[in-house]
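[1] Okay, structure incoming, though there's no sequence with it:
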């Protein structure tokens, strides 16, 4: 196949297709109630670790992808990652034992980690300015499309047992074929000038701030995945299929938000992040105090919209303060923080819920809401301080 240029829609679609898998590791969480019963000899935190352990695999993959890139180049590294997702992702279909299942979930995350940062940093490589803003928004939207498709598919597959939900990872096969046939990435030279510039790269306070904020944004967002099934079932306001459908709505909201993000950013500027965190906070609060599925839906709608605004804005902020040479390493550091936040989320929320509340699914979501309130307060203070600085100048 002849080379397809980056401005060609086929190239853009093939590049964005990687993002379909980025949020896939937690989309099987609707099966947790069935898995609690199947693995009755293990604690709930241990079973929930089956959902979050891919995040540690992702971190390992992120740390190791630079080594593989030197050997296999960028495209080869991505292909290895996709093959791992295909094999490790579908392994639980046939597995009944906790240990091998935990290992396969780790390897799933490892595969995703090999191309996770590249799904974003490759955008910095091929696009600039307003086109980069648009592609970042589309990247977040594509990630949401993938997660929504997986959630809705899980809502059907769960009727056949918890093993069946892992069939969703078969979609790595067409993505592997499309990316392999369409994408051409020039070979990188380890002695290239941009790498020598990277030796002088220093982490500044803004990069650290972004990393910390992304850690907490994801730590407080993930309970919608792993606590929502327990909340809905314990309060007797829905069933597992409905939970999976609602989880699909959470990620589905990232699609229209991601598509219009470029225009939204142009009009709201520094207010964009504030709006995203505000909506995420209100949404989680509504879920925490919901008394029926309608309110759960409204809360998930708001939280998903806010998350869909905040995340691309954080990456946009990152892209504006680092050089192209440093884009991959800073993106990698940020995604490591994201996945660490996702991994520790069950342990942190369960610990706080046990020691500060009544240790029920509802109080867990209330604790999560309170954490988001503190994050919103920080963002408000930050916005006001920056506004005052701009007025003084």
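    Right, received. Where do you want to start? Everything numeric here is computed off the predicted structure, so don't read it as measured data.
[2] Can you measure across stretch 151-170, start residue to end residue?
    Across stretch 151-170, the straight-line distance between its terminal residues is 14 Å, by C-alpha to C-alpha, to the nearest Å.
[3] how about it: buried residues?
    Neighbour counts using 16 or more other C-beta atoms under 10 Å place 151-155, 157-158, 162-169 of stretch 151-170 among the buried residues. C-beta: built from backbone N, CA, C; applies to glycine.
[4] and which of the residues you listed is nearest residue 112?
    Ranked by distance to residue 112 (C-beta to C-beta), these are led by residue 169 at 10.3 Å.
[5] got a list of what the closest one touches?
    With contact taken as C-beta atoms under 8 Å, 6 or more residues apart in numbering, residue 169 is in contact with 24, 85, 86, 88, 89, 90, 108.
[6] Now the first one. Nearest residue, chain neighbours left out?
    Read it as residue 24. Of all residues not flanking residue 24 in the chain, residue 150 sits nearest, at 5.5 Å (C-beta to C-beta, 6 or more residues apart in numbering).
[7] Could I get the pLDDT score of the one you found?
    At residue 150 the predicted local distance difference test score is 88.
[8] can you check residue 266 too?
    Here, the pLDDT recorded for residue 266 equals 80.
[9] before we move on, back to that, if any of the contacts of residue 169 are buried, put those into a ChimeraX selection.
    Per 16+ other C-beta under 10 Å, the buried members of the contacts of residue 169 correspond to this ChimeraX selection:
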select :24,85,86,88,89,90,108
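[10] Minimum pLDDT in the contacts of residue 169, which residue is that?
    When the contacts of residue 169 are compared on pLDDT, residue 24 comes out least confident, at 87.
[11] Who are the contact partners of it?
    Taking C-beta under 8 Å, 6+ apart as the contact definition, residue 24 lies against 85, 89, 112, 146, 147, 150, 168, 169.
[12] any chance of the residues you listed in a markdown table, plus distance to residue 184 and secondary structure?
    What follows is the contacts of residue 24, written out as a markdown table (distance: C-beta to C-beta, whole Å; DSSP: H, G, I helix; E, B strand; the rest coil):
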| residue | distance to residue 184 | secondary structure |
| --- | --- | --- |
| 85 | 22 | helix |
| 89 | 26 | helix |
| 112 | 23 | helix |
| 146 | 23 | helix |
| 147 | 28 | helix |
| 150 | 29 | helix |
| 168 | 29 | helix |
| 169 | 26 | helix |
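[13] If we only consider these, which is nearest to residue 306?
    residue 147 (15.5 Å).
[14] that older thread, just the buried residues of stretch 151-170: which are in helices?
    Where the buried residues of stretch 151-170 overlap with helices, as defined by DSSP state H, the overlap consists of 151, 152, 153, 154, 155, 157.
[15] quick revisit: spit out the contact partners of the residue nearest to residue 24.
    Contacts for residue 150 were tallied using C-beta under 8 Å, 6+ apart; they are 23, 24, 27, 28, 168, 248.
[16] Next up, the contacts around the closest residue to the fourth one other than its chain neighbours.
    It refers to residue 28. On the basis of C-beta to C-beta, 6+ apart, the spatially nearest residue to residue 28 that is not a chain neighbour turns out to be residue 165, at 4.7 Å. Neighbouring residues of residue 165 by C-beta under 8 Å, 6+ apart: 28, 30, 31, 154, 157, 158.
[17] mind checking how far residue 165 is from residue 150?
    Applying C-beta to C-beta, to the nearest Å, the value for residue 165 to residue 150 is 9 Å.
[18] What ranges does the stretch 251-393 of the chain have for its helices?
    254-268, 271-288, 293-321, 327-356, 361-392 (DSSP state H, counting those that start in this stretch).
[19] got JSON lines for the contacts of residue 150, with distance to residue 279 too?
    Formatted as JSON lines, the entries for the contacts of residue 150 read as follows, by distance: C-beta to C-beta, whole Å:
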{"residue": "23", "distance to residue 279": "18"}
{"residue": "24", "distance to residue 279": "24"}
{"residue": "27", "distance to residue 279": "22"}
{"residue": "28", "distance to residue 279": "26"}
{"residue": "168", "distance to residue 279": "28"}
{"residue": "248", "distance to residue 279": "18"}
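[20] ok, so of those residues, who is nearest residue 218?
    If you rank those by distance to residue 218 using C-beta to C-beta, residue 23 comes first, at 10.5 Å.
[21] what pLDDT does residue 199 get?
    56.
[22] And residue 92, by the same measure?
    For residue 92, the model assigns a pLDDT of 95.
[23] Same check on residue 235?
    What the model reports for residue 235 is a pLDDT of 88.
[24] What are the neighbouring residues in contact with it?
    With contacts taken as C-beta under 8 Å, 6+ apart, residue 235 has the following neighbours: 291, 361, 362.
[25] How many residues are close by residue 40?
    Using other C-beta atoms under 10 Å, the number of residues around residue 40 comes to 8.
[26] Same check on residue 186?
    Residue 186 sits with 9 neighbouring residues when counted by other C-beta under 10 Å.
[27] Now do the SS call for it.
    Assigned state for residue 186: coil (three-state reduction, DSSP: H, G, I helix; E, B strand; the rest coil).
[28] rewinding a little: with distance to residue 266 and secondary structure added, can I get the contacts of residue 150 in TSV?
    Formatted as TSV, the entries for the contacts of residue 150 read as follows, by distance: C-beta to C-beta, whole Å; three-state DSSP:
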residue	distance to residue 266	secondary structure
23	26	coil
24	31	helix
27	32	coil
28	37	coil
168	35	helix
248	29	helix
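[29] Out of these, flag the one nearest to residue 269.
    Comparing every one of the contacts of residue 150 with residue 269 (C-beta to C-beta), the shortest separation belongs to residue 23, at 27.0 Å.
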